[in-house]
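Undergrad: The sequence and its predicted three-dimensional model are supplied below.
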Amino acid sequence: MSARGKNLAAAGLLALGLGMMALGLWRGEATVVWRKAAQICLECIGLA
Amino acid sequence: MPEKKLPRPAGTGRKRPAAARLRLGVQLGWSALTNGYLAGFVQGKIYTGPAKSLCVPGLNCYSCPGALGACPLGALQATVGSAGYQMAFYAVGFLMAVGAVLGRFVCGFLCPFGLVQDLLYRIPLPGKKKKGKLLPGDRVLRKARYVLLVVFCLLLPMAAVDVVGQGSPWFCQYVCPSGTLLGSVPLLTANAALRSAIGPLWVWKMALMAVLLALGTLYYRPFCRYLCPLGAVYGLFNPVSLYKIRVDEAACIRCGRCRAICGFDIPVWQRPNSPECIRCGRCVEACPTGALRMGFSVHRRPTRYDLAP
């Protein structure tokens, strides 16, 4: 793949990623992440 | 006619080159910035504000007392294991967007656990240079991170659910040494109530972390190379990411200095955007002809070779 083709692929993946993030936010996934991250994760620290 | 003597490349002398110092500065600064909740370290608590819904790019446990953001791998497992979601568009989209722009630059510059391993590898130990750069069985071992990504970060959290349909973050629970070092150690040090809950799982995680840290004094970033699912994801983007290494074929003399200085033994002139490369930039510094260029720009810089008398 040419350098230009790779850059276009990266731009396409970036746009797709941003679109997926927007969809995730719309579905309320950021709240799921916050609920997990704002409590001490007992699994992460090896206690559960 | 005598062969033109190449100037001594940066990165091969005793003094650490400017790019390496800059990288260390970025690593330290980023880790401090994203783990800046100092009260957490003192009180044995974690930050619970709204920023915790935002992912940071590196493997930064959200149960680190100082963490201001969320680990993207933890976010991925939390969402796919959450009843009613199954697909993690937010976390996957984040990984895709960051990967498309930076690739494994994240590993080299923006990962706190990568920084820990970099510092460990600086410890001078006798006989370190005589052994090989890679663990025996490297070709097989380095596929383990893909297995951990698919099985421990996706399939098990999605499939092994409890009665209310909630899955566990299997990678965080049984493997992640970042959670042990940056989360468990400081939290349990400052929080007696948590210390009273120590059991066999904690012993397992501490033992695994100790082995990985010990290996990290002998081998360059063994966790990143063999076990990190986040590195596996970003590595898939390395060949196309906007931030990349480019080789000027006309200037490259195939001397092999890039491979010699690479901690992962990558033949950079052949595979500049290998999924293993963490963009540390040591090869770029070491190249005697300036044939390697790392960054967003496609332009070739003036080289030491060009300027040599």
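TA: Now that the structure is in, tell me what you want to look at. This structure is a prediction, so every number in the text was calculated from the model and none was measured. Numbering: from 1, shown residues only, chains lettered A, B, ... in the order given.
Undergrad: Show me which residues of chain A are close to chain B?
TA: A:1, A:3, A:6-7, A:9-11, A:13-14, A:16-25, A:27, A:29-48 (CB under 8 Å from any CB of the partner chain). For the C-beta atoms, the positions are set from N, CA and C on the backbone; glycine is no exception.
Undergrad: Which strand or helix spans B:Arg246?
TA: strand B:244-247 (DSSP states H and E).
Undergrad: where do the helices sit along chain A?
TA: A:3-27, A:29-37 (DSSP state H).
Undergrad: Tell me the spacing between the residue nearest to A:Ala30 when sequence neighbours are not counted and A:Glu29.
TA: Once flanking residues are discounted, A:Ala30 sits nearest to B:Ser53: 4.3 Å by CB to CB, 6 or more residues apart in numbering or on different chains. Per CB to CB, to the nearest Å, B:Ser53 is found 9 Å from A:Glu29.
Undergrad: ok now do the residue nearest to B:Val101 when sequence neighbours are not counted, which residues does it touch?
TA: Leaving out its chain neighbours, the residue that sits closest to B:Val101 by CB to CB, 6+ apart is B:Leu242, at 5.1 Å. Going by CB atoms under 8 Å, 6 or more residues apart in numbering or on different chains, B:Leu242 touches A:Asn7, A:Ala10, A:Ala11, A:Leu14, B:Ala100, B:Val101, B:Leu102, B:Phe296.
Undergrad: Next: B:Leu230.
TA: B:Gly58, B:Leu59, B:Pro72, B:Leu73, B:Leu95, B:Val106, B:Cys107, B:Cys111.
Undergrad: and the fifth one, helix, strand or coil?
TA: Pointing back at B:Leu95 there. Using DSSP: H, G, I helix; E, B strand; the rest coil, the structure places B:Leu95 in helix.
Undergrad: Give me the local confidence score for it.
TA: The per-residue pLDDT reported for B:Leu95 equals 98.
Undergrad: so which helix or strand takes in the closest residue to it other than its chain neighbours?
TA: In space, and not counting its chain neighbours, B:Leu95 is closest to B:Val233: 5.2 Å by CB to CB, 6+ apart. Element membership for B:Val233 (DSSP H and E) is helix B:229-237.
Undergrad: Buried ones in that helix, by neighbour count?
TA: B:Pro229, B:Leu230, B:Gly231, B:Ala232, B:Val233, B:Tyr234, B:Gly235, B:Leu236, B:Phe237 (16 or more other CB atoms under 10 Å in any protein chain shown).
Undergrad: check contacts around the first one.
TA: If I follow you right, that is B:Pro229. B:Leu73, B:Arg145, B:Tyr146, B:Leu148, B:Leu149, B:Phe152, B:Cys153, B:Phe171.
Undergrad: Report the buried members of those.
TA: B:Leu73, B:Arg145, B:Leu148, B:Leu149, B:Phe152, B:Cys153, B:Phe171.
Undergrad: What is the most widely separated pair among these?
TA: B:Leu73 and B:Arg145 (11.4 Å; CB to CB).
Undergrad: B:Val161 is in contact with B:Leu155, isn't it?
TA: No. The criterion here is CB atoms under 8 Å, and B:Val161 misses it with B:Leu155 at 11.7 Å.
Undergrad: Let me see the contact set for the spatially most central residue of chain A.
TA: By CA atoms, centre = their mean, the mean C-alpha position of chain A lies nearest to A:Met21, the distance being 6.1 Å. Applying CB under 8 Å, 6+ apart, we find A:Met21 in contact with B:Phe89, B:Tyr90, B:Gly93, B:Phe94, B:Ala97.
Undergrad: and those, which two are the farthest apart?
TA: B:Phe89 and B:Ala97, at 11.7 Å, using CB to CB across these.
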